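with the input below, show me the fold.
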Amino acid sequence: MNNLFFPALLTGIFCYLGAIETPWLFGMTGGFYIVGRPLVAGLLVGLAFGDIKNGILCGLAVQAVFIANLSTGGATNSEITYAAYGGIGLAMATTKNPAIAVTLAILIGQTFGLIFYNGRMALYSFWNTRAENAAHNNDDRGIILNHLVYPQITTFLLRAVPVFLAIYYGKGLVNWLIDSIPAIVTHIIQVLGGVLPALGIAMLMSIVIKNKSHFIFFFVGFVLLAFAKLSMIAIVFISALVAYLYYMATGKSSTPTATSSANNAEQAVDNDDEYEDEDLF
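Prediction:
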């Protein structure tokens, strides 16, 4: 048996456990919001392939690209779980290059992932109709099967199986493409794959940062990392301390204003009461 079978199988199972509708890991809390994240996916895929370091590096790169990925009104432009496990899994099976992982993740997440995602939603509407009919007929067994069992089987078949097949049979195709295309094209792909994480961080900053003065904190952190050579753990502690001091400073400055506003409002109410008493006489 090919030594890629079990890593590909485990990666497919992890992709199923990271689905938003999978209940086995405390629902969305442990599934979609933990196992479904590319950073955690890199760790799990690294464990499956026996190379945790490269798995985490690939997970970091993919996470940076999708860090600002949002779903508005149920619509999504990329299926992040397919992208994470499909892209990282294929990269770990071939080059173990984070830039290649980013490229494959975007390709899988924005094409095949969305196809399977929409197909799954269509099948869910079918199971939902059957469950509703079973409820009208007081069919307990039909409710359980159509509301719990069949949707989970559908999710497993449309998540675990495609990811397993993509990694198990896609390794040769990816290696052939990398070996066949010119070296300059491979270099361009790697450069673009390295730029995309920066684009993801920029999108996140555009969402989070509302005041231009907040860019100061970002550049200070960049300087501490790039020039002072501080570790990420040290920067996290420094950032937490600065954030706390900033919160205390802004909180104290706003407290007197709020208090004075409350006092002014109370005084205005008292004045209105006096005017009403004068009108009565």
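
got the contact list for the residue positioned nearest the centre of the chain?
Among the residues of the chain, Arg37 comes closest to the average C-alpha position under C-alpha atoms, centre = their mean, at 4.7 Å. Going by C-beta atoms under 8 Å, 6 or more residues apart in numbering, Arg37 touches Gly18, Gln63, Ile80, Ala84. (Glycine included, C-beta is placed from N, CA and C.)

now the first one. Its backbone dihedrals?
When you say that, I think you mean Gly18. Main-chain dihedrals, Gly18, degrees, to the nearest 10: phi -90, psi 0.

state the distance from it to Leu114.
Taking C-beta to C-beta, to the nearest Å as the measure, Gly18 and Leu114 are separated by 16 Å.

neighbour count winner among those two?
Comparing Gly18 with Leu114 by other C-beta atoms under 10 Å, the one with more neighbours is Gly18, at 27 against 17.

any idea which element Ile167 lies in?
Assessed by DSSP states H and E, Ile167 sits inside helix 150-180.

run the chain-centre distance for that helix.
If you compare the mean C-alpha spot of helix 150-180 with that of the full chain, they lie 20 Å apart, counting by C-alpha atoms, centre = their mean, to the nearest Å.

what packs against it?
Here helix 150-180 touches helix 5-17, helix 80-93, helix 113-136, going by 3 or more C-beta pairs under 8 Å, 6 or more residues apart in numbering; DSSP states H and E.

is Asn138 in a helix, a strand, or coil?
Using DSSP: H, G, I helix; E, B strand; the rest coil, the three-state assignment for Asn138 comes out as coil.

swap that for Trp24, sorry
Applying three-state DSSP: Trp24 is coil.

what's the spacing between the closest residue in space to it that isn't next to it in sequence and Pro182?
Beyond its immediate neighbours in the sequence, the residue positioned closest to Trp24 (C-beta to C-beta, 6 or more residues apart in numbering) is Leu17, lying 6.2 Å away. Distance of Leu17 to Pro182, computed by C-beta to C-beta: 39 Å.

now Leu4
Between Leu4 and Pro182 the distance, using C-beta to C-beta, works out to 27 Å.

so between those two, which is more surrounded?
Leu4 (17 against 8).

mind listing what the more buried one touches?
Neighbour list for Leu4: Ala93, Ile167, Tyr168, Lys171 [criterion: C-beta under 8 Å, 6+ apart].

hmm, 10 Å instead?
Listed by C-beta atoms under 10 Å, 6 or more residues apart in numbering, the contact partners of Leu4 are Phe49, Gly89, Met92, Ala93, Phe164, Ile167, Tyr168, Tyr169, Lys171.

how many neighbours does the residue nearest to Trp24 have?
Other residues within reach of Leu17 by the criterion other C-beta under 10 Å amount to 22.

isn't it up against Ala160?
Yes - in terms of C-beta atoms under 10 Å, Leu17 counts as a neighbour of Ala160; the distance is 8.9 Å.

which residues are in contact with both of the two?
Common neighbours of Leu17 and Ala160, counting by C-beta under 10 Å, 6+ apart, are Tyr85.

what angle sits between the helix holding Ile167 and helix 113-136?
Calculated by axes from the mean of the first three to the mean of the last three C-alpha atoms, to 10 degrees, helix 150-180 forms an angle of 170 degrees with helix 113-136.

okay, buried residues for helix 150-180 please.
If you call a residue buried by 16 or more other C-beta atoms under 10 Å, then helix 150-180 has these buried ones: 150-152, 154-156, 158-160, 162-164, 166-168, 170-171, 174.

contacts only, for Tyr124.
By C-beta under 10 Å, 6+ apart, the residues touching Tyr124 are Glu21, Tyr150, Pro151, Thr154, Thr155.

ok, now Leu39?
Leu39 neighbours (C-beta under 10 Å, 6+ apart): Ile56, Cys58, Gly59, Leu60, Ala61, Val62, Gln63, Ala64, Phe66, Ile67, Ala84.

surely the fifth one touches Ala83?
No - the criterion here is C-beta under 10 Å, and Ala61 misses it with Ala83 at 11.6 Å.
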